[in-house]
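Asker: curious how this folds, go ahead:
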Amino acid sequence: MEPRFVHLRIHTEYSLVDGMVRIQPLVKRLVALGMPAAAVTDQSNLFALVKFYKAAVSHGIKPIAGADVWLYNPQEPSVPHRLTLYVQNQTGYRNLTALISRSYLENQHQGIPMLMTDWLFADNEGLIALSGGREGAIGRALLGGNPAEARRLAESWAEAFSDRFYLELCRTSRPNEERYIDAAVDLA
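Answerer: Numbers count the residues shown, from 1 in each chain. Predicted coordinates:
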């Protein structure tokens, strides 16, 4: 079977800060492109999940549930780290909804809900994590010229998530992207 492209980070109209993709046109486009699956990862919420799930399944597309989240950065609280979480199973869904709810209730900074790393390390069963690329803690350490810290962080996340943590690589022609990718590949 030929490998096919699958979008793993789509922000919909329910991603209140930066999304504008509507669910029905999205699913029609996925069908037209022959995509077997897609992930909706709205920013710090799962508002689109039910609508996306029903529309995708009805058109033979595997829906992947997830969210882009912010992690509290103790060194610079106004600059949180990005992380993408995907639901692997029912336990992961419950954990993700609980973590997102907790971030809204207990840990907003400047109106931005942020997860604490220790919460995520304690309650990550059933979740798959992407490192956040350039905007994640590992990416920022790599771009900041601190490969030892990047390695320490990668090992910590890999241990916490076992075989469910991945260094994220993404080419979108953004500043420092190629430098990050080269460093992340070396780290991997």
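
Asker: on the three-state scheme, residue 57 is what?
Answerer: Following DSSP: H, G, I helix; E, B strand; the rest coil, we place residue 57 in the helix state.

Asker: that one - nearest residue in space that isn't next to it in sequence?
Answerer: Leaving aside its chain neighbours, residue 57 sits nearest to residue 63 (6.4 Å; criterion: C-beta to C-beta, 6 or more residues apart in numbering). Heads up, the C-betas are built off the backbone N, CA and C, glycines and all.

Asker: for the helix or strand encompassing that neighbour, buried residues please.
Answerer: Applying DSSP states H and E as the criterion places residue 63 in strand 62-71. Buried residues in strand 62-71, defined by neighbour count with 16 or more other C-beta atoms under 10 Å: 63, 64, 65, 66, 67, 68, 69, 70, 71.

Asker: who does the next helix or strand after it touch, helix- and strand-wise?
Answerer: Next helix or strand after strand 62-71 toward the C-terminus (DSSP H and E): strand 81-87. Applying 3 or more C-beta pairs under 8 Å, 6 or more residues apart in numbering; DSSP states H and E, one finds that strand 81-87 makes contact with strand 7-10, strand 62-71, helix 90-106, strand 127-130.

Asker: which strands or helices does the second one pack on?
Answerer: So the one you mean is strand 62-71. strand 7-10, strand 37-40, helix 49-58, strand 81-87, helix 90-106.

Asker: change it to 7 Å
Answerer: strand 37-40, helix 49-58, strand 81-87, helix 90-106 (3 or more C-beta pairs under 7 Å, 6 or more residues apart in numbering; DSSP states H and E).

Asker: for the ones you listed, give me CSV that also has distance to residue 136 and mean pLDDT.
Answerer: Below are the helices and strands packed on strand 62-71 laid out as CSV (distance: least, C-beta to C-beta, whole Å; pLDDT from 0 to 100):
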stretch, distance to residue 136, mean pLDDT
strand 37-40, 17, 97
helix 49-58, 23, 97
strand 81-87, 5, 98
helix 90-106, 16, 98
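
Asker: just put those in a markdown table and tack on distance to residue 183 and mean neighbour count.
Answerer: Shown next, in a markdown table, are the helices and strands packed on strand 62-71 (distance: least, C-beta to C-beta, whole Å; neighbours: other C-beta atoms under 10 Å):
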| stretch | distance to residue 183 | mean neighbour count |
| --- | --- | --- |
| strand 37-40 | 25 | 21 |
| helix 49-58 | 34 | 16 |
| strand 81-87 | 16 | 23 |
| helix 90-106 | 28 | 16 |
